[in-house]
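K.L.:
Build the 3D model from these lines:
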Amino acid sequence: MKIDHFAFEVSNLETALHFYVNDLGFKVQYTYMDPDVHETLAMLDLAGGKLELIQVLNENNQPQPFEPIRLRAHLCPHLALQTEDIDKLLVTLQGRGVTLLREPAEMPGVAKWFYVCDPDQNVIEFFQDFQSQQKAA
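P.N.:
Purely as a prediction, here's the structure:
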């Protein structure tokens with residue numbers, strides 16, 4: 001068994017796609033509107049990892065009012081994405097206007113990470129694992 005994908009609910013699929021594709025570099029695998037389940041979705045890919053974005057629709061298949069999840073102090077739940085150069089990524093994302101939830105944190109010699117939100121307050125962590133990079137070198 002393995003993890004297939006992670007899913008986030010979004011208020012507007014087009015807005016979410018712009019963020020995930022243009023700001024974070026995901027690729028759209030497909031989009032689909034299911035009139036029976038009353039949702040529209042997109043499956044995205046990033047280096048083999050998949051993320052499903054779901055916009056819930058009302059019984060007339062029109063956008064339904066959306067209530068974002070409340071951000072918790074420990075920022076769970078979140079999606080964690082690993083990077084090889086977190087400092088370079090941080091500069092890139094800030095240049096694209098992506099706002100940090102907190103300043104980067106670090107365990108010296110082990111890992112460094114920071115968190116951002118998508119337009120709907122879904123939390124994404126960017127993580128650089130120094131120990132696995134040292135083993136691979």
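
K.L.:
from here on, contacts and neighbour counts on C-alpha atoms
P.N.:
Noted.

K.L.:
Walk me through which strands the helix or strand hosting residue 29 pairs with, and which way each runs.
P.N.:
Taking DSSP states H and E as the criterion, the element that holds residue 29 is strand 27-34. Each strand pairing with strand 27-34, determined using DSSP bridges, is listed with its direction: strand 39-46 (antiparallel).

K.L.:
in the strand holding residue 29, what counts as buried?
P.N.:
Residues of strand 27-34 classed as buried by neighbour count (16 or more other C-alpha atoms under 10 Å): 27-28, 33.

K.L.:
out of these, who's nearest residue 7?
P.N.:
Ranked by distance to residue 7 (C-alpha to C-alpha), the buried residues of strand 27-34 are led by residue 28 at 14.0 Å.

K.L.:
ranges for the strands of this protein?
P.N.:
All strands of the chain, identified by DSSP state E, fall at 5-9, 27-34, 39-46, 49-56, 78-82, 105-107, 111-117, 123-129.

K.L.:
what angle separates the third one from strand 78-82?
P.N.:
Strand 39-46 and strand 78-82 are oriented at 20 degrees to each other (axes from the mean of the first three to the mean of the last three C-alpha atoms, to 10 degrees).

K.L.:
The fourth one too?
P.N.:
Between strand 49-56 and strand 78-82, the angle formed by their directions is 150 degrees, by the same axes, to 10 degrees.

K.L.:
got the contact list for the residue nearest the centre of the chain?
P.N.:
With the centre of the chain defined as its mean C-alpha position, the nearest residue by C-alpha atoms, centre = their mean is residue 124, 4.8 Å away. Taking C-alpha atoms under 8 Å, 6 or more residues apart in numbering as the contact definition, residue 124 lies against 78-81, 115-118.
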